[in-house]
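just the structure for this:
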Amino acid sequence: MKEYKILIVDDQPENLQTLYEAIKKADKNFKIIKAINGRIAYEAAIKREPDLIIADWDMPEMSGIELIKELKKNEKTADIPIIMCTGVMTSSENLEAALDAGAVDYIRKPVDEIELIARTGASLHLAEKYSEVK
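Take a look at the predicted model:
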């Protein structure tokens, strides 16, 4: 079974831990990489090439939207699926902005563990199929 690398990004340690625990609880073959802001996440994505990124929107140094835009500009990271995860930017307009920037999905906080795992699995599956076609 393939091990999937998932980069989770949130500037709030308790949110980062919640995501980590929910993903670990899924008992799938996931290796989880943590980052506390968008700039660190960008560097981690370049170096570690995760299969999926789950990023908070509102972070210091580089927001989730800025992170998505930077990753999509880089050929090495352009195809990594990104799920935006936020409790602040939750309007339909925010959802549209995240998807327009290049996110593949959007999860509202507080995170529902079942929804998180379902969306994580779906995003990884779609990325795998896209890679096969490409």
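
please make it C-alpha for all contacts and neighbour counts, starting now.
Noted.

for Glu3, give me its contacts.
29-31 (CA atoms under 8 Å, 6 or more residues apart in numbering).

now do the strands in the chain.
Remark: strands assigned in the chain by DSSP state E are 4-9, 30-35, 52-56, 82-86, 105-108.

a markdown table please, covering those strands and showing mean pLDDT and mean neighbour count.
Converted to a markdown table, those look like this (pLDDT from 0 to 100; neighbours: other CA atoms under 10 Å):
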| stretch | mean pLDDT | mean neighbour count |
| --- | --- | --- |
| strand 4-9 | 98 | 23 |
| strand 30-35 | 97 | 17 |
| strand 52-56 | 97 | 27 |
| strand 82-86 | 94 | 26 |
| strand 105-108 | 92 | 19 |
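
pLDDT value on the closest residue to Gly38 other than its chain neighbours, please?
If you skip the residues right next to it in sequence, Gly38 has Met62 as its closest partner in space, 4.6 Å away by CA to CA, 6 or more residues apart in numbering. At Met62, the predicted lDDT confidence score is 96.

and for Met89?
If you check Met89, the pLDDT there is 69.

which other helices and strands contact the helix or strand of the chain with the lowest mean pLDDT?
Confidence across the helices and strands of the chain bottoms out at helix 92-101, with a mean of 90, counting by mean pLDDT, DSSP states H and E. Under the contact criterion of 3 or more CA pairs under 8 Å, 6 or more residues apart in numbering; DSSP states H and E, helix 92-101 touches helix 64-73, strand 105-108.

give the buried residues for the first one.
Taking 16 or more other CA atoms under 10 Å as the neighbour-count basis, helix 64-73 is seen to contain the buried residues 64-72.

can you name the residues in contact with the longest helix anywhere in the chain?
Across the chain, the longest stretch assigned as helix under DSSP state H is helix 113-133. Helix 113-133 is contacted by residues 22-23, 26, 51-52, 79-81, 104-105, 107 when judged by CA under 8 Å, 6+ apart.
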